[in-house]
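Participant: Return a 3D structure for these sequence lines:
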Amino acid sequence: MRPETTNNEAELRAEIEELKRQLEQKHAAAGAAEHVVQPSRHTIRNLVLLFVVILIVAFVAGYIPRHLRELKLVAEADTHNEALPQVSVMAAIRAAGRGNLVLPGNIQAVTEAPILARAEGFLKTRYVDIGDRVTEGQLLAEIEAPDMDQQVRQAQAAVQQVQADLERATAALEQGKANESLAKVTAQRWDNLVKRGVVSRQENDQYQAQYVAQSANVRALDHAVAAGRSNIAAAEANVARLTDLQSYLKVRAPFAGVITLRNVDVGALVNSGSTLLFRIAKTNLLRTYVNVPQSSAADIHVGQEAFLSTSEAPETKFPGQVARTANSLDPSSRTLLVEIQAANPAGKLLPGMYVQVDLNLPRKDPPLLIPSDTLVVRPEGTLVALVGAGNVVHFQRVLVGRDFGDRIEVLSGMTEGERAIVNPNDSVQEGVRVQPVAGAESGAKRPAKAGSH
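Facilitator: A predicted model of the protein is given here:
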């Protein structure tokens with residue numbers, strides 16, 4: 001009963017109590033006067049009428065509103081029982097023409113090199129340490145090698161010695177040529193005398209043999225001079241080699257970059273070709289290798305745009321592009337090795353970082369996408385409860401593709417725009433009419449993301 005009804009009853013009871021009190025006062029007054037005054041019939045009729053009015057008012061104020069409320073509740077219950085079941089529906093939408101393929105990768109420097117000692121000795125001075133940025137040709141360290149200085153001087157002395165040998169061979173050659181010329185003239189004269197019969201053949205043959213011997217001696221001396229020149233060239237080459245090795249006592253940066261490793265300190269013994277001094281990397285341009293799955297390998301091409309992001313700052317995107325691909329799939333993983341290069345002028349990316357590479361891939365045939373919670377798995381297969389013409393439910397068998405978490409691909413069985421029931425319950429049966437209610441995202445034309453692999 002409502003609060004106003006209770007208040008009315010309380011007022012009626014108060015009025016009745018007031019009337020009783022007035023009657024008692026009248027009876028008391030009559031007793032005091034020692035005579036009894038009987039109430040008139042008019043007074044009794046008024047009292048009865050007042051009591052009836054009070055009962056009618058109480059009935060109207062209490063019972064009738066309560067009865068009306070009960071009737072209203074019954075009518076609402078009947079209406080609810082007769083109404084169609086409401087279901088939330090979402091339409092199948094076409095994925096965007098370009099999809100995001102996100103793959104993990106590790107950043108590497110495009111140019112990175114270890115710096116090893118080329119000369120043996122002790123590290124005399126070190127000028128850089130890890131993290132230092134250096135320019136091409138900058139002096140990094142100096143090696144002290146006294147033995148090499150001695151070897152250079154010895155090689156220079158050897159050059160002077162072979163030069164002296166060459167001068168002696170040249171002088172001998174000149175003398176041999178003079179002797180050959182004299183022997184030649186003598187041989188020609190004796191040959192003429194023999195023809196005149198003045199001298200004997202024996203004497204002529206002797207002078208002819210001397211000429212031949214002098215000619216052979218000249219050729220031998222000529223070869224000795226050539227050998228002397230070769231010895232000089234070899235000695236000078238040895239001096240140049242030692243001089244070059246001596247120049248390696250000053251270790252310089254092969255290119256501009258950052259020192260990422262320092263392996264020695266002053267006083268350390270340095271062995272040629274085996275002691276790692278520094279490691280330098282060029283960080284203004286970085287590369288990342290990713291393995292693209294076979295399903296997306298055909299969409300990758302050189303020059304394609306890509307974006308790099310780190311887990312520390314996922315909202316920051318570093319632009320890059322595909323520099324090259326392997327043009328062949330790895331038979332063990334069925335993936336395509338792809339190199340992405342990204343400029344790093346601010347130095348925010350570091351070699352060795354773990355990044356996510358977002359490839360913006362074009363799609364020739366974007367798939368249909370539906371919410372994952374619209375699927376119904378039954379013994380006859382994977383089904384989707386569709387709301388067709390006349391809002392009648394029909395369970396359609398579908399073939400699904402990749403699962404993107406909140407959405408899933410539909411390869412066959414549905415067309416774009418068909419409405420699927422979200423989370424169908426037991427009241428959703430084949431052929432039942434329902435009252436569809438649009439889901440939160442069914443009317444939104446937001447692009448569907450392809451998801452991450």
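
Participant: Let me see the contact set for the residue nearest the centre of the chain.
Facilitator: Residue closest to the average C-alpha location in the chain (Cα atoms, centre = their mean): Gln356, at 2.1 Å. Shown in contact with Gln356 (Cβ atoms under 8 Å, 6 or more residues apart in numbering): 102-105, 308-311, 314. C-betas here are computed from N, CA, C, even on glycine.

Participant: Confirm that it sits in a helix.
Facilitator: No - counting by DSSP: H, G, I helix; E, B strand; the rest coil, Gln356 is not part of a helix but strand.

Participant: Show me what it is bridged to.
Facilitator: Counting by DSSP bridges, Gln356 forms beta bridges with Pro104, Ser309.

Participant: got it, and Pro114?
Facilitator: The partner residues for Pro114, given DSSP bridges, come to Arg279.

Participant: which ones are touching it?
Facilitator: So Pro114 contacts 261, 276, 278-279 (Cβ under 8 Å, 6+ apart).

Participant: Using CSV, lay out these together with pLDDT, neighbour count and distance to Glu416.
Facilitator: Formatted as CSV, the contacts of Pro114 follow (pLDDT from 0 to 100; neighbours: other Cβ atoms under 10 Å; distance: Cβ to Cβ, whole Å):
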residue, pLDDT, neighbour count, distance to Glu416
Leu261, 92, 13, 57
Leu276, 92, 14, 62
Phe278, 94, 24, 61
Arg279, 94, 18, 56
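
Participant: now stretch 320-332, how far from the centre of its chain.
Facilitator: Computed by Cα atoms, centre = their mean, to the nearest Å, the chain-centroid distance of stretch 320-332 equals 15 Å.

Participant: and what of stretch 304-320?
Facilitator: Relative to the chain's own centre, stretch 304-320 is displaced by 7 Å; criterion: Cα atoms, centre = their mean.

Participant: And stretch 47-67, by the same measure?
Facilitator: Distance of stretch 47-67 from the chain centroid (Cα atoms, centre = their mean) equals 83 Å.

Participant: what's the neighbour count on Cys346?
Facilitator: Let me fix one detail, which is that residue 346 is Ala and not Cys. Other residues lying near Ala346 total 8 when counted by other Cβ atoms under 10 Å.

Participant: which stretch of helix or strand covers it?
Facilitator: Under DSSP states H and E, no helix or strand contains Ala346.

Participant: Show the contacting residues for the nearest residue to Pro254 once chain neighbours are set aside.
Facilitator: Nearest residue to Pro254 in three dimensions, chain neighbours excluded: Ala113, at 6.1 Å (Cβ to Cβ, 6 or more residues apart in numbering). Shown in contact with Ala113 (Cβ under 8 Å, 6+ apart): 254-255, 279-280.

Participant: Return the members of those residues classed as buried.
Facilitator: In the contacts of Ala113, burial by neighbour count holds for 279-280, counting by 16 or more other Cβ atoms under 10 Å.

Participant: The contacts of Ala113: which two are farthest apart?
Facilitator: By the measure Cβ to Cβ, Phe255 and Arg279 form the most distant pair in these, at 12.6 Å.

Participant: where in the stretch 351-453 of the chain is pLDDT low?
Facilitator: Residues of the stretch 351-453 of the chain meeting the criterion pLDDT under 70: 362-365, 440-453.

Participant: what do you get if the cut-off is 90, keeping everything else the same?
Facilitator: Residue ranges of the stretch 351-453 of the chain with pLDDT under 90: 351-352, 358-453.

Participant: One more: the stretch 51-200 of the chain?
Facilitator: Scanning the stretch 51-200 of the chain with the threshold set as pLDDT under 90 gives 51-102, 110-111, 117-121, 144-200.

Participant: Would you map the strands across it?
Facilitator: For the stretch 51-200 of the chain, the strands defined by DSSP state E, counting those that start in this stretch occupy 86-91, 93-94, 98-116, 121-126, 133-134, 139-144.

Participant: okay, those in a markdown table with distance to Ala385 next?
Facilitator: Listed next are these as a markdown table, based on distance: least, Cβ to Cβ, whole Å:
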| stretch | distance to Ala385 |
| --- | --- |
| strand 86-91 | 8 |
| strand 93-94 | 17 |
| strand 98-116 | 28 |
| strand 121-126 | 74 |
| strand 133-134 | 64 |
| strand 139-144 | 72 |
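
Participant: Looking at those strands, which is nearest to Ala346?
Facilitator: Closest to Ala346 of the strands of the stretch 51-200 of the chain is strand 133-134 (Cβ to Cβ; 13.2 Å).

Participant: how close does Glu167 sit to Asp373?
Facilitator: Distance of Glu167 to Asp373, computed by Cβ to Cβ, to the nearest Å: 101 Å.

Participant: The two - which one has more neighbours?
Facilitator: Applying other Cβ under 10 Å to Glu167 and Asp373 shows that Asp373 carries more neighbours, namely 15 against 12.

Participant: Can you add distance to Leu269 and give the contacts of Ala113 back as CSV?
Facilitator: CSV is the format used below for the contacts of Ala113 (distance: Cβ to Cβ, whole Å):
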residue, distance to Leu269
Pro254, 23
Phe255, 27
Arg279, 19
Ile280, 22
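
Participant: Relative to Asp222, which of the contacts of Ala113 is nearest.
Facilitator: For these, the nearest to Asp222 is Pro254 (46.4 Å; Cβ to Cβ).

Participant: re earlier: pull out the buried residues from the contacts of Gln356.
Facilitator: Buried by 16+ other Cβ under 10 Å: 102-103, 105, 308-310, out of those.

Participant: Show me which pair in the residues you listed is furthest apart.
Facilitator: Between any two of these, the greatest separation by Cβ to Cβ is 14.2 Å, found for Leu103 and Thr310.

Participant: ok, now how distant is Asp129 from Ser274?
Facilitator: As judged by Cβ to Cβ, Asp129 and Ser274 stand 22 Å apart.

Participant: got it, and Val384?
Facilitator: Counting by Cβ to Cβ - Val384 and Ser274 are separated by 68 Å.

Participant: okay, the two: which has more neighbours?
Facilitator: A direct count of neighbours by other Cβ under 10 Å for Val384 and Ser274 places Val384 higher, at 24 against 9.

Participant: doesn't Gln396 make contact with the more buried one?
Facilitator: Yes - the pair Val384 / Gln396 is scored as a contact, 5.3 Å apart, by Cβ atoms under 8 Å.

Participant: where do the strands sit along the stretch 301-450 of the chain?
Facilitator: 305-310, 318-330, 335-343, 354-362, 368-371, 375-378, 381-387, 393-397, 399-403, 407-412, 419-421, 435-438.
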